[in-house]
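Novice: show me the folded form of this:
(chains A and B)
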Amino acid sequence: MAGGEPEITMAPGAEEAGMASMIADMIKTNIKNKPERMKDFNKLRGTIWITASDAETEMTMEFTGSSLTVSKGKVGTPILAIETDATTLLELANIEIKMGMPYYFDETGRMVIKKLMSKELKIKGMFAHTVALTRMTKLLSVK
Amino acid sequence: MAQYGTDEWEAEYQAMLADRMKNPAPYIYFTPEWAALYEKTIQNDEPYKDAAKTWEGTVVLHVEKSPEWGLDIDVYVFMDLWHGECRSIRIVPNDAGEAGDFVITGSLERWEQVAKKELDSTKGMMQGKLKLKGDLPTIVRAVRASQRLTDLSADVGGFFPTELNDEQKAEFKIAMDALAKVLG
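Specialist: I've put the predicted structure just below:
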């Protein structure tokens, strides 16, 4: 069901962790600004782990198809494991969404591809879980 | 001091600034005279103008008080930024600072790390060392512009209260206490 507020729970300690709190806030605000993305929220199932290696911080998002639990650190077995630096992580959130899909043919998109090729951005599980990656990218995108 | 936001307040602020700028630079970070140099630096910076072309809104650097370094008041560096232009930077009263569109809060030590480029502001927010209040997606869209702003704060140069000797610290404390009275 599209519309409505996403159910996002912060696990103990996550509220104080900068990155976990920022990403949760961003997903919430993005859905508020673009309610059509609630469909992606409600269809995303699986655990996603993100680490900003230069900031020595990590977080886990557990999507159940109707809710999200955000934790500090690594929890469970992720279907997607994203490893990059703090700035690239925020640049990932600047990927354009066109026709409901992430767009990789502008400056930001090309930069993301370049960082993937040079391994400055590593996404484990991106080929096995393409749909989940697309949905997560849409939820994170501020565009 | 007149009420913040009025022409009278601005006139009084400028008079105070002129008086404080009689002393030569470098200045102490987050004082009105340092803010005036920061304003000029941003106004003359082409990379910032380019990165912030679509930026709309006020950004406030909130420095939490640190009595151990002679800083007995919270300092709010209020930046009025619009489409790549830096309209003004002022040290403002607390309530005006808190009302900024984006307020980035950190301890004096954290801001010192940022200014010395030992801590990237994005990284600092991810680590929870700097706290952001405001619409996060908006600031994420302007990540290059916000990084440029922090880079420029380093370029302005100056001293940190943590670098002052006891005598200078005592003078700084008197000056900041006087500033607090002026700001209201």
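
Novice: what's the spacing between the helix or strand of chain A with the lowest mean pLDDT and its chain's center?
Specialist: When the helices and strands of chain A are compared on mean pLDDT, DSSP states H and E, helix A:86-92 comes out lowest with a mean of 89. Averaging C-alpha positions (Cα atoms, centre = their mean, to the nearest Å) puts helix A:86-92 11 Å from its chain's average.

Novice: does it reach chain B?
Specialist: Yes: judged by Cβ under 8 Å from any Cβ of the partner chain, helix A:86-92 comes into contact with chain B at A:86-87, A:89-91. Placement of C-beta: from N, CA and C, glycine included.

Novice: host element of the spatially most central residue of chain B?
Specialist: With distances taken as Cα atoms, centre = their mean, the residue of chain B nearest its centroid is B:Val77 (3.2 Å). Using DSSP states H and E, B:Val77 sits in strand B:75-82.

Novice: need the contact partners of the helix or strand that that strand is followed by.
Specialist: Later in the chain than strand B:75-82, the nearest helix or strand by DSSP H and E is strand B:85-92. Contacts to strand B:85-92, defined as Cβ atoms under 8 Å, 6 or more residues apart in numbering or on different chains, come from residues B:4, B:13, B:30-32, B:35-36, B:38-39, B:42-43, B:48-49, B:60, B:75-81, B:179, B:183.

Novice: and A:Leu139, how close does it get to B:Pro137?
Specialist: Per Cβ to Cβ, to the nearest Å, A:Leu139 is found 12 Å from B:Pro137.

Novice: what touches both of the two?
Specialist: With Cβ under 8 Å, 6+ apart as the test, A:Leu139 and B:Pro137 both reach A:Asn30.

Novice: quick one on the thing from earlier: quick check: closest non-adjacent residue to the residue nearest to the centre of chain B.
Specialist: Residue nearest to B:Val77 in three dimensions, not counting chain neighbours: B:Leu61, with 4.2 Å by Cβ to Cβ, 6 or more residues apart in numbering or on different chains.

Novice: chain A contacts on chain B?
Specialist: B:120, B:122-132, B:135-138, B:140-141, B:143, B:147.

Novice: give me that answer again for 6 Å
Specialist: Counting by Cβ under 6 Å from any Cβ of the partner chain, the positions of chain B adjacent to chain A are B:122-123, B:125-128, B:136-137, B:140-141, B:143.

Novice: JSON lines for those residues, including neighbour count and pLDDT?
Specialist: Below are the residues of chain B next to chain A laid out as JSON lines (neighbours: other Cβ atoms under 10 Å in any protein chain shown; pLDDT from 0 to 100):
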{"residue": "B:Thr122", "neighbour count": "26", "pLDDT": "86"}
{"residue": "B:Lys123", "neighbour count": "21", "pLDDT": "89"}
{"residue": "B:Met125", "neighbour count": "24", "pLDDT": "90"}
{"residue": "B:Met126", "neighbour count": "28", "pLDDT": "90"}
{"residue": "B:Gln127", "neighbour count": "20", "pLDDT": "91"}
{"residue": "B:Gly128", "neighbour count": "18", "pLDDT": "91"}
{"residue": "B:Leu136", "neighbour count": "24", "pLDDT": "86"}
{"residue": "B:Pro137", "neighbour count": "22", "pLDDT": "87"}
{"residue": "B:Val140", "neighbour count": "25", "pLDDT": "87"}
{"residue": "B:Arg141", "neighbour count": "18", "pLDDT": "85"}
{"residue": "B:Val143", "neighbour count": "20", "pLDDT": "84"}
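
Novice: now do the SS call for A:Thr108.
Specialist: Classification of A:Thr108 by DSSP: H, G, I helix; E, B strand; the rest coil places it in helix.

Novice: who's in contact with the longest helix along chain A?
Specialist: Using DSSP state H, we find that the single longest helix of chain A is helix A:18-33. With Cβ atoms under 6 Å, 6 or more residues apart in numbering or on different chains as the test, helix A:18-33 has contacts from A:6, A:8, A:14-15, A:37-38, A:52, A:57, A:59, A:70, A:72, A:139, B:125-128, B:136-137.

Novice: those residues in strands, which ones?
Specialist: A:8, A:52, A:57, A:59, A:70, A:72 (DSSP state E).

Novice: thinking again about what came up before, write the ChimeraX selection for whichever of the contacts of strand B:85-92 are buried.
Specialist: Buried residues among these (16 or more other Cβ atoms under 10 Å in any protein chain shown), as a ChimeraX selection:
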select /B:4,13,30,31,32,35,36,38,39,42,48,49,60,75,76,77,78,79,81,179,183
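
Novice: contacts for stretch B:96-116?
Specialist: B:4, B:57-64, B:66, B:69, B:76, B:78, B:119, B:121, B:129-134, B:139, B:150, B:153-154, B:160.

Novice: out of these, which are buried?
Specialist: Among the contacts of stretch B:96-116, those buried by neighbour count (16+ other Cβ under 10 Å) are B:4, B:57-64, B:66, B:69, B:76, B:78, B:119, B:121, B:129-132, B:134, B:139, B:150, B:153, B:160.
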